[in-house]
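K.L.:
Need a 3D model of the following:
(one chain, ligands or ions: 1)
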Amino acid sequence: MSDLHEDTAALLAEAKTPTRRPTVAALEEKLFRPVHVLDHGFVRVIDYMGDDAAIVQAARVSYGKGTKSQRNDRGLIRYLMRHRHTTPMEMCEIKLHVKLPIFVARQWIRHRTANVNEYSARYSILDREFYIPEPGQLAEQSNSNRQGREQPLSSEQAQAVRDILRRDAMTCYDTYTNMINDDGTGEKIDPNAPQVARELARINLGAGYYTQWYWKTDLHNLFHFLSLRAHSHAQYEIQVYAEAIAEMTKLWVPMAFEAFEDYRMGAAHFSTDEVKILRAALDGVSLREFLKGSDLSAREVNEFRKKLGKI
Ligand SMILES: Cc1cc2nc3c(=O)[nH]c(=O)nc-3n(C[C@H](O)[C@H](O)[C@H](O)COP(=O)(O)OP(=O)(O)OC[C@H]3O[C@@H](n4cnc5c(N)ncnc54)[C@H](O)[C@@H]3O)c2cc1C
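P.N.:
Predicted coordinates:
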């Protein structure tokens, strides 16, 4: 599984194609160039459509003449984001090429509002490439968050885990290639053994092996993806991909990204009771006092405090 037709990629990266379509100079610079993620993964932009102006233009269709200056464009985009008027964001699209471990792909694919085309391990032979976490990423199961890691392993423990992961992955890959029994040209390596179908031989490989896909989505759904996967609650291994994509998005649609950071990523959503607490606080009622007459659970109170950065 080559890192995508490198010659073609190099040619495309150098190509200068005149176009009347709007382009974004900062993203053009990044087109086709992989941003490395984890030990063997990457993300790169293959294509995109639209820019901040496309969002504004679409919004103007719904609001009539509307605003003209760039300052007003920013204001309009911020208004759209604040009020969840999201369809103008759908006018922008981006197509990414991603190389990622299979267990990350399993989380990613849950985002249904995208178009995906994945490398076929029925057709092609997978490379001997699997994810081994950095020692600093190896940690014990968290007690407070059942979906997370907590106390880091000691360096000896981390090394032992890395050794186990590598050994098992290599063993599985050896049996995979033995079953495939192909010298790379279609000829058998062992003339007395069968060439097991690739679609069957692959079932022995673990979720740490790398796969690749093209992933295309619009800006509205990309923001939804980023809000969930660039968030600290997401697993580290998908978070780092989301963060790489967030950096690209910032270059592509800087005004929309700024609004996204202000009104989504950095914002908090409050329940009815939480709003009551905040209102009471404005009148000088402490949280402790408020909770005397409330049936909020301890967990809800903790989550509320966390939203306000009080834990
Ligand atoms: C921290 C974290 C932990 C998670 N843990 C688990 C877990 O333990 N188990 C698990 O199974 N999943 C888990 N998930 C996955 C999660 O439940 C979602 O499937 C995933 O985040 C995709 O979100 P989405 O459905 O909003 O995205 P998309 O599929 O992109 O959909 C975007 C939006 O479109 C709408 N939509 C799309 N399809 C439909 C539909 N068929 N019907 C109605 N509305 C639709 C919804 O409004 C949805 O929010 C976890 C996700 C996160 C971020």
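
K.L.:
And the helices in the stretch 1-150 of the chain, which stretches?
P.N.:
Assigned by DSSP state H, counting those that start in this stretch, the helices in the stretch 1-150 of the chain fall at 6-14, 25-28, 52-63, 70-82, 102-108.

K.L.:
And the contacts of stretch 248-264?
P.N.:
By Cβ atoms under 8 Å, 6 or more residues apart in numbering, the surrounding residues in contact with stretch 248-264 are 24, 26-27, 30, 35, 43, 45, 48, 50-52, 55, 73-74, 77-78, 80-82, 89, 92, 94, 219, 222-223, 226-227, 246. Placement of C-beta: from N, CA and C, glycine included.

K.L.:
among the residues you listed, which ones are buried?
P.N.:
By neighbour count, with 16 or more other Cβ atoms under 10 Å, the contacts of stretch 248-264 hold 24, 27, 30, 35, 43, 45, 48, 50-52, 55, 73-74, 77-78, 80-81, 89, 92, 94, 219, 222-223, 226, 246 as buried.

K.L.:
Just the pLDDT for the residue in the chain that the ligand sits nearest to.
P.N.:
Across the chain, the shortest distance to the ligand (Cβ to the nearest ligand atom) belongs to residue 112, at 3.3 Å. On the pLDDT scale, residue 112 is placed at 97.

K.L.:
now residue 199
P.N.:
Confidence at residue 199, expressed as pLDDT, is 93.

K.L.:
doesn't residue 125 make contact with it?
P.N.:
No. The pair residue 199 and residue 125 fails to qualify as a contact (Cβ atoms under 8 Å) at a distance of 11.5 Å.

K.L.:
Counting neighbours, go ahead and name the busier of the two.
P.N.:
Set residue 199 next to residue 125 and count neighbours by other Cβ atoms under 10 Å: residue 125 wins out with 15 against 11.

K.L.:
OK, contacts around residue 107?
P.N.:
Contact analysis of residue 107 by Cβ under 8 Å, 6+ apart lists 229, 234, 235, 238.

K.L.:
From those residues, list the ones also adjacent to the ligand.
P.N.:
The residues of these that also fall near the ligand, by Cβ under 6 Å from any ligand atom, are residue 234.

K.L.:
List, one by one, the residues from the stretch 1-150 of the chain near the ligand.
P.N.:
Listed as neighbours of the ligand in the stretch 1-150 of the chain under the rule Cβ under 6 Å from any ligand atom: 110, 111, 112, 113, 147.
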